[in-house]
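Colleague: Need a 3D model of the sequence below.
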Amino acid sequence: MIGPQCYLQHPEQIELELNPLMEAPASSTPPLPLGLLLHCHHYYPSGKWLRIQAPALTEELSFNARVVDCNPGRKGDYLLKLSFPDQEQLFRARMLEQLCQIFIYQPQGPDKDLDQRALEWIEAEAAHFPSNGL
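Modeller: Residues are numbered from 1 along each chain as shown. Okay, here's the model as predicted:
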């Protein structure tokens, strides 16, 4: 199995919910150049399809991804490499990862709401967020 050329690194501060899919999503696109790299507590075999979301941030945004590789990590966890079946799932993953970055960008406080933090992150960091041709 050939994986992406580059991977977005998911921040460990935000826990993701990984749910195995029984059936593989339909895919007619060639492998996409950008994937997702994250630490998880369970082993997933290569080729397994997962539904991923960050319930602490949003219930509405989730995406499907295929396990490219899953190796033992540094703290008794696993380092999981994921690829996407199509541009839409990659776009959704990038959106969720940007939400994660916005969430951890600044400490939460009563003087800053999420919208203000989001605008600050977009101004400071969005241009540097990997897109790999999107």
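Colleague: what's in contact with the lowest-mean-pLDDT helix or strand in the chain?
Modeller: The weakest-scoring helix or strand in the chain, judged by mean pLDDT, DSSP states H and E, is helix 114-125 (a mean of 74). Outside of helix 114-125, the residues within contact range by C-beta atoms under 8 Å, 6 or more residues apart in numbering are Gln98, Gln101, Ile102, Phe103, Tyr105, Gln106. Backbone N, C-alpha and C define where each C-beta goes, glycine included.
Colleague: Check which residues of the biggest helix by length in the chain are buried.
Modeller: As assigned by DSSP state H, the longest helix anywhere in the chain is helix 87-105. By 16 or more other C-beta atoms under 10 Å, the buried positions in helix 87-105 come out as 89-90, 92-94, 96-103.
Colleague: How far away from the center of its chain is that helix?
Modeller: 6 Å (C-alpha atoms, centre = their mean, to the nearest Å).
Colleague: quick check: angle from that helix to helix 114-125?
Modeller: 100 degrees (axes from the mean of the first three to the mean of the last three C-alpha atoms, to 10 degrees).
Colleague: Keeping just the C-alphas, turn helix 87-105 into PDB.
Modeller: Extracted as PDB, the C-alpha positions of helix 87-105 are listed here (Å, rounded to 0.1, in the frame of the first residue of the first chain):
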ATOM      1  CA  GLN A  87     -10.600  15.300  -1.800                       C
ATOM      2  CA  GLU A  88     -13.700  15.800   0.200                       C
ATOM      3  CA  GLN A  89     -12.500  13.600   3.100                       C
ATOM      4  CA  LEU A  90      -9.100  15.300   2.900                       C
ATOM      5  CA  PHE A  91     -10.800  18.700   3.000                       C
ATOM      6  CA  ARG A  92     -12.900  17.700   6.100                       C
ATOM      7  CA  ALA A  93      -9.700  16.400   7.800                       C
ATOM      8  CA  ARG A  94      -7.900  19.600   7.200                       C
ATOM      9  CA  MET A  95     -10.900  21.600   8.500                       C
ATOM     10  CA  LEU A  96     -10.900  19.500  11.700                       C
ATOM     11  CA  GLU A  97      -7.200  19.800  12.200                       C
ATOM     12  CA  GLN A  98      -7.400  23.600  11.800                       C
ATOM     13  CA  LEU A  99     -10.100  23.600  14.500                       C
ATOM     14  CA  CYS A 100      -7.700  21.700  16.700                       C
ATOM     15  CA  GLN A 101      -5.000  24.200  16.100                       C
ATOM     16  CA  ILE A 102      -7.300  27.100  16.800                       C
ATOM     17  CA  PHE A 103      -8.400  25.500  20.000                       C
ATOM     18  CA  ILE A 104      -4.900  25.100  21.300                       C
ATOM     19  CA  TYR A 105      -3.500  28.300  19.700                       C
END
